[in-house]
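fold the following, please.
(chains A and B)
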Amino acid sequence: GNSVTQMEGPVTLSEEAFLTINCTYTATGYPSLFWYVQYPGEGLQLLLKATKADDKGSNKGFEATYRKETTSFHLEKGSVQVSDSAVYFCALLLGGYQKVTFGTGTKLQVIP
Amino acid sequence: DVKVTQSSRYLVKRTGEKVFLECVQDMDHENMFWYRQDPGLGLRLIYFSYDVKMKEKGDIPEGYSVSREKKERFSLILESASTNQTSMYLCASRPPSEAGYGNQPQHFGDGTRLSIL
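Prediction:
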């Protein structure tokens, strides 16, 4: 079956540090890949997406590149802010299927 | 912007009660989903619906049912609430996924934090 594996959190960083949250996937086909962010007390919001190999999704300073050879979609940001503190979810969707497969989420805490 | 609205942000109910959680979307999406979110377990799919009156079980449907009488509205029903159903419930909607095409992301509501006493 399909699955998404994320690094376990929580991840604690100082403001302006470099962020990487690892995500790898297993899928029977070529999925679209997503990163969602959940701020405290809110639902999930789409952060970025990539629909085919070597695509780079980017938004709000975050980036992730769809790597088919390593089945990975790692999330990166060059300089995090306190306002980036949230839970980040990696997810995949296979064309023709309706269910999204989510990772378990990685909590990020950025301290001043 | 897509708007997914869940009827309550916080809800407190008693064991054995029948509980209704409502979700409405304004983008004419065919697909709608109900998840529960628990610490350490991520999001788990309870039910989804790909059309009016159509539904499919997700990964944890036991103790729940759903209703989709109109395209924009998807209701989650706890037939007889139990304390292990205390959780955050998230509703989402999305256009249909088509093989060979880029897939559209899901849009989520703000969640309902349900406590069963």
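
please make it C-alpha for all contacts and neighbour counts, starting now.
Noted.

ok, for the residue nearest the centre of chain B, nearest residue in space, not its chain neighbours?
Most central in chain B under CA atoms, centre = their mean is B:Trp34, positioned 2.1 Å from the mean C-alpha point. Nearest non-adjacent residue to B:Trp34, counting by CA to CA, 6 or more residues apart in numbering or on different chains: B:Cys91, 4.7 Å away.

I figured the one you found hits B:Cys23, correct?
Yes. Contact status for B:Cys91 versus B:Cys23: in contact at 6.4 Å, counting by CA atoms under 8 Å.

returning to what we had before: run a quick neighbour tally on the residue nearest to B:Trp34.
31 (other CA atoms under 10 Å in any protein chain shown).

next SSE downstream of the helix or strand harbouring it?
Assigned by DSSP states H and E, B:Cys91 falls within strand B:87-94. Toward the C-terminus, strand B:87-94 is succeeded by strand B:107-108 as the next helix or strand (DSSP H and E).

and the next element down the chain from that next one?
Next along from strand B:107-108, by DSSP H and E: strand B:112-116.

for that following strand, list every residue counted as buried.
For strand B:112-116, a neighbour-count test (16 or more other CA atoms under 10 Å in any protein chain shown) marks B:Thr112, B:Arg113, B:Leu114, B:Ser115, B:Ile116 as buried.

can you redo these as JSON lines with pLDDT?
Listed next are these as JSON lines, based on pLDDT from 0 to 100:
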{"residue": "B:Thr112", "pLDDT": "96"}
{"residue": "B:Arg113", "pLDDT": "95"}
{"residue": "B:Leu114", "pLDDT": "97"}
{"residue": "B:Ser115", "pLDDT": "97"}
{"residue": "B:Ile116", "pLDDT": "97"}
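
so where's chain A shaky on pLDDT?
Counting by pLDDT under 70, chain A contains low-confidence residues at A:95-97.

so which bits of it are right by chain B?
Neighbours of chain B within chain A, by CA under 8 Å from any CA of the partner chain: A:32, A:34, A:41-46, A:51, A:93-98, A:102-105.

pipe the buried residues of strand B:112-116 into CSV and attach distance to A:Phe89 per row.
Below are the buried residues of strand B:112-116 laid out as CSV (distance: CA to CA, whole Å):
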residue, distance to A:Phe89
B:Thr112, 19
B:Arg113, 19
B:Leu114, 22
B:Ser115, 24
B:Ile116, 27
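
now these as a markdown table including distance to chain A?
Shown next, in a markdown table, are the buried residues of strand B:112-116 (distance: CA to the nearest CA, whole Å):
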| residue | distance to chain A |
| --- | --- |
| B:Thr112 | 9 |
| B:Arg113 | 9 |
| B:Leu114 | 13 |
| B:Ser115 | 15 |
| B:Ile116 | 19 |
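
one step back: any common contacting residues for B:Cys91 and B:Cys23?
B:Val4, B:Gln6, B:Gly109 (CA atoms under 8 Å, 6 or more residues apart in numbering or on different chains).

I'd assumed B:Arg94 was in contact with the last one.
So that's B:Gly109. No. Using CA under 8 Å, B:Gly109 is not in contact with B:Arg94; the gap is 11.9 Å.

so what's residue 13 up against?
Chain wasn't specified; assuming chain A. A:Leu19, A:Val80, A:Leu108, A:Gln109, A:Val110, A:Ile111.

please go with chain B instead
The contact partners of B:Lys13, taken as CA under 8 Å, 6+ apart, are B:Val19, B:Ala81, B:Leu114, B:Ser115, B:Ile116, B:Leu117.
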